[in-house]
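Enquirer: show me how the following folds:
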Amino acid sequence: MGYKSKLEILNGSKANSLSLTKKDCLKVDKPKEQIDGGYAWVVLYSCIILQMFGASLLGTYGVLLVNIVDSTGYKTSFISWYGALTCLTQGFSSFFLGPLVEIYSCRTVTIIGSLICTFSYISTAFVKDIPYILFTLGFVQGLGISCFHVCPNIIVSRWFSKKQSMALTLITFGKGIGQLMWGPYAAYTVDLYGWRGSLIMIGGVVLHGCILGVLIKDPVSVKTVEKKGGLFKVLLKNMIPIELIKNKWFILCVLGNFPLLIGHGSVLSMLPRRIVDIGYSNIKASTTISIIGGTTSIVRLIVCGLSGVSCCNKSMACAVATLITGVSAIMTIFLKDYTSFAVFSAVFGSVSAVYISLITPIIIQLVELDYVSQAVAWLNVVVGLSMGTCRSSVGILYDLQNDATICFVMGGVFLIITSLLFLFMYFAGVERKSPKLIITKSHEEKQSISDKYEVTHL
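Expert: Take a look at the predicted model:
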């Protein structure tokens with residue numbers, strides 16, 4: 001005997017009645033909350049601040065590295081491993097965070113990430129064992145920061161539809177502001193309380209991520225995934241889709257980020273060290289990082305606004321930008337004063353904002369929406385590997401040469417190599433071919449995905 005129910009659909013003051021079977025009723029979702037407005041703006045503003053917290057490593061690394069090396073007497077190549085471990089952990093943990101968000105929600109993962117990050121900073125301030133410092137500032141911090149990078153992108157994508165591009169652009173703006181803020185803050189607190197006291201102050205700021213995590217609730221229509229077959233089985237199933245492996249252009253674009261970020265990170269990591277070496281204070285050294293953060297924030301907004309224009313080819317724009325940054329990094333061998341480095345920082349921040357803003361759109365356009373989370377996870381793994389390799393290698397090079405200039409030359413060479421890759425993508429017409437490369441799931445696979453979500457009875 002068939003089960004029937006009535007679904008009232010309100011259209012103004014008029015109500016219509018539909019006769020549905022029980023099977024149809026189970027497929028109907030709860031009414032969605034207002035997207036692109038209302039509480040969505042609270043979520044967006046919270047995520048912008050979370051991304052500012054996530055930029056803590058990028059903004060404080062150079063300042064803390066100089067002071068930890070000077071106070072402990074260890075070599076730069078050894079202490080620099082904390083940055084390498086952070087990047088590696090941040091990259092590989094992205095594989096797990098995407099599925100964990102689907103199971104436990106963005107709110108839970110963000111709060112846990114904030115607590116982990118706070119623990120890493122505050123615990124490091126009270127220990128003298130350098131290997132433990134490398135563990136807490138490296139591995140533990142990487143887990144926490146990864147939550148700040150992954151969760152905001154996911155939750156904003158759920159709350160915004162028509163204004164999604166604008167919302168995601170504002171999130172990247174938060175990263176730039178964080179980079180602008182953390183450098184002077186770290187330098188100022190180091191001068192007042194030492195690098196250990198500075199870590200306590202940074203930990204106190206990052207702890208506020210718990211409050212922001214409470215605010216970023218999921219829309220009513222989003223349901224957590226059932227852990228069918230155990231947590232490990234669910235994670236493994238969502239980590240490595242075979243369809244992405246078969247997409248040669250996607251693999252090429254992702255792997256191309258390795259030399260790109262080694263070059264970019266080499267300059268960014270050793271810029272404060274080079275300023276200090278020519279006789280300037282930590283405050284002035286951190287100001288160059290702030291100049292990069294400020295210029296890149298402004299240019300990111302401009303680039304993201306132009307990226308939707310059909311005449312703007314992303315591959316060519318990235319090729320030109322990487323070529324300019326690579327050449328300018330090599331040309332710093334002739335710079336001898338702070339003013340020249342300040343000008344270089346402004347140029348580097350402005351031009352690097354082009355490829356930093358466009359890398360993710362280039363990769364996402366090669367895959368279907370169903371695989372975006374896995375594609376971003378793969379990208380984050382390469383980011384972690386490249387930044388980890390960069391921060392360990394520049395420390396070794398500095399100890400061998402006792403001069404940061406060689407790191408700038410190495411970074412410039414890698415950036416020029418990457419520009420050739422982007423030129424190849426442009427002449428190969430990757431963006432024109434991208435609609436043909438889109439991967440589609442079968443109807444049965446999509447249906448199995450929808451079956452994972454809890455359905456509601458009317």
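
Enquirer: and the helix or strand residue 154 falls within, what does it pack against?
Expert: Residue 154 belongs to helix 141-159 when assigned by DSSP states H and E. Packing partners of helix 141-159 (3 or more Cβ pairs under 8 Å, 6 or more residues apart in numbering; DSSP states H and E): helix 39-54, helix 56-72, helix 81-104, helix 106-124, helix 164-206, helix 372-401. (Each C-beta comes from the backbone N, C-alpha and C, glycine too.)

Enquirer: ok, 7 Å please
Expert: Counting contacts by 3 or more Cβ pairs under 7 Å, 6 or more residues apart in numbering; DSSP states H and E, helix 141-159 packs against helix 39-54, helix 81-104, helix 106-124, helix 164-206.

Enquirer: what's around residue 417, how many residues?
Expert: By other Cβ atoms under 10 Å, 16 other residues sit near residue 417.

Enquirer: go through whatever helix or strand residue 353 lives in and flag the buried ones.
Expert: Using DSSP H and E, residue 353 sits within helix 338-364. For helix 338-364, the neighbour count (16 or more other Cβ atoms under 10 Å) marks 338, 341, 344-346, 348-364 as buried.

Enquirer: now stretch 94-108
Expert: For stretch 94-108, by 16+ other Cβ under 10 Å, it's 94-103, 105-108.

Enquirer: state the number of residues packed around the spatially closest residue to residue 251 that is not a sequence neighbour.
Expert: Nearest residue to residue 251, sequence neighbours excluded (Cβ to Cβ, 6 or more residues apart in numbering): residue 245, at 7.2 Å. Residue 245 has 11 neighbouring residues, counting by other Cβ under 10 Å.

Enquirer: and residue 245, what element?
Expert: Going by DSSP H and E, residue 245 is part of helix 242-246.

Enquirer: now for that helix, which elements pack on it?
Expert: helix 372-401.

Enquirer: counting by contacts, list what the helix it packs on packs against.
Expert: On a contact count with 3+ Cβ pairs under 7 Å, 6+ apart, helix 372-401 meets helix 76-79, helix 81-104, helix 242-246, helix 248-277, helix 338-364, helix 405-427.

Enquirer: list the contacts for residue 147?
Expert: 97, 109, 110, 112, 113 (Cβ atoms under 7 Å, 6 or more residues apart in numbering).

Enquirer: state the distance from the second one to residue 379.
Expert: Spelled out, that is residue 109. Note on residue 109: its distance to residue 379, by Cβ to Cβ, to the nearest Å, is 19 Å.

Enquirer: please say which of the two ends up with more neighbours.
Expert: residue 109 (23 against 20).

Enquirer: quick one, what contacts the more buried one?
Expert: So residue 109 contacts 97, 100, 101, 147, 151 (Cβ under 7 Å, 6+ apart).

Enquirer: between those residues, which is nearest residue 402?
Expert: Nearest to residue 402 among the contacts of residue 109, counting by Cβ to Cβ, is residue 147 at 37.8 Å.

Enquirer: chain neighbours aside, what residue packs nearest to the residue nearest in space to the middle of the chain?
Expert: By Cα atoms, centre = their mean, the chain has its centre lying nearest to residue 149, at 4.5 Å. Spatial nearest neighbour of residue 149, chain neighbours left out: residue 54 (5.0 Å); criterion: Cβ to Cβ, 6+ apart.

Enquirer: could you do residue 273 as well?
Expert: Per Cβ to Cβ, 6+ apart, closest to residue 273 is residue 404, 4.9 Å.

Enquirer: so that neighbour touches residue 269, yeah?
Expert: No. Contact criterion Cβ atoms under 7 Å: residue 404 and residue 269 do not qualify, at 9.1 Å.

Enquirer: residue contacts, the closest residue to residue 275 other than its chain neighbours?
Expert: Spatially, and ignoring its direct neighbours in sequence, residue 275 is nearest to residue 285 (3.9 Å; Cβ to Cβ, 6+ apart). Contact analysis of residue 285 by Cβ under 7 Å, 6+ apart lists 272, 275, 276.

Enquirer: repeat for residue 200
Expert: 122, 125.

Enquirer: ok so, going back, closest one of the contacts of residue 285 to residue 418?
Expert: Proximity of those to residue 418 (Cβ to Cβ) peaks at residue 272, which lies at 23.7 Å.

Enquirer: wait, isn't that closest one in contact with residue 289?
Expert: Yes. Counting by Cβ under 7 Å, residue 272 touches residue 289, with 6.5 Å between them.

Enquirer: helix 248-277 and the helix holding residue 353, what's the angle between them?
Expert: Interaxial angle of helix 338-364 relative to helix 248-277 (axes from the mean of the first three to the mean of the last three Cα atoms, to 10 degrees): 160 degrees.

Enquirer: hmm, back to that, from what I see, the residue nearest to residue 149 and residue 148 are in contact.
Expert: Yes. Here residue 54 lies in contact with residue 148, judged by Cβ under 7 Å, at a distance of 3.3 Å.

Enquirer: what domains does the record give for this structure?
Expert: Listed domain ranges for the chain are 1-30, 34-222, 237-446 (source: automatic domain parsing).

Enquirer: need those domains in JSON lines with mean pLDDT, can you?
Expert: Formatted as JSON lines, the domains of the chain follow (pLDDT from 0 to 100):
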{"stretch": "domain 1-30", "mean pLDDT": "42"}
{"stretch": "domain 34-222", "mean pLDDT": "82"}
{"stretch": "domain 237-446", "mean pLDDT": "80"}
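
Enquirer: residue 149 against residue 53, yeah?
Expert: No. Assessed by Cβ under 7 Å, residue 149 is found out of contact with residue 53, at 10.0 Å.

Enquirer: tally of neighbours for residue 127?
Expert: Neighbour count for residue 127, taken as other Cβ under 10 Å: 13.

Enquirer: ok but it is inside a strand, no?
Expert: No. When classified by DSSP: H, G, I helix; E, B strand; the rest coil, residue 127 is found to be coil rather than part of a strand.

Enquirer: grab the nearest non-local neighbour of it.
Expert: residue 133 (6.3 Å).

Enquirer: and whichever helix or strand the one you found is part of, what does it pack against?
Expert: Secondary-structure assignment from DSSP H and E places residue 133 in helix 130-134. Counting by 3+ Cβ pairs under 7 Å, 6+ apart, the packing neighbours recorded for helix 130-134 are helix 81-104.

Enquirer: quick check: angle from the helix it packs on to helix 141-159?
Expert: Going by the same axes, to 10 degrees, helix 81-104 makes 40 degrees with helix 141-159.

Enquirer: next, the angle from helix 81-104 to helix 372-401.
Expert: Using the same axes, to 10 degrees: helix 81-104 against helix 372-401 is 170 degrees.

Enquirer: got the angle for helix 81-104 vs helix 56-72?
Expert: If you take the same axes, to 10 degrees, helix 81-104 sits at 150 degrees to helix 56-72.

Enquirer: pull the distance from helix 81-104 to the chain's centre.
Expert: 11 Å (Cα atoms, centre = their mean, to the nearest Å).

Enquirer: which residues outside stretch 258-265 are in contact with it?
Expert: Residues contacting stretch 258-265 (Cβ under 7 Å, 6+ apart): 322, 326, 352, 355, 382-383, 385-387, 389-391, 411-412, 414-415, 417-418.
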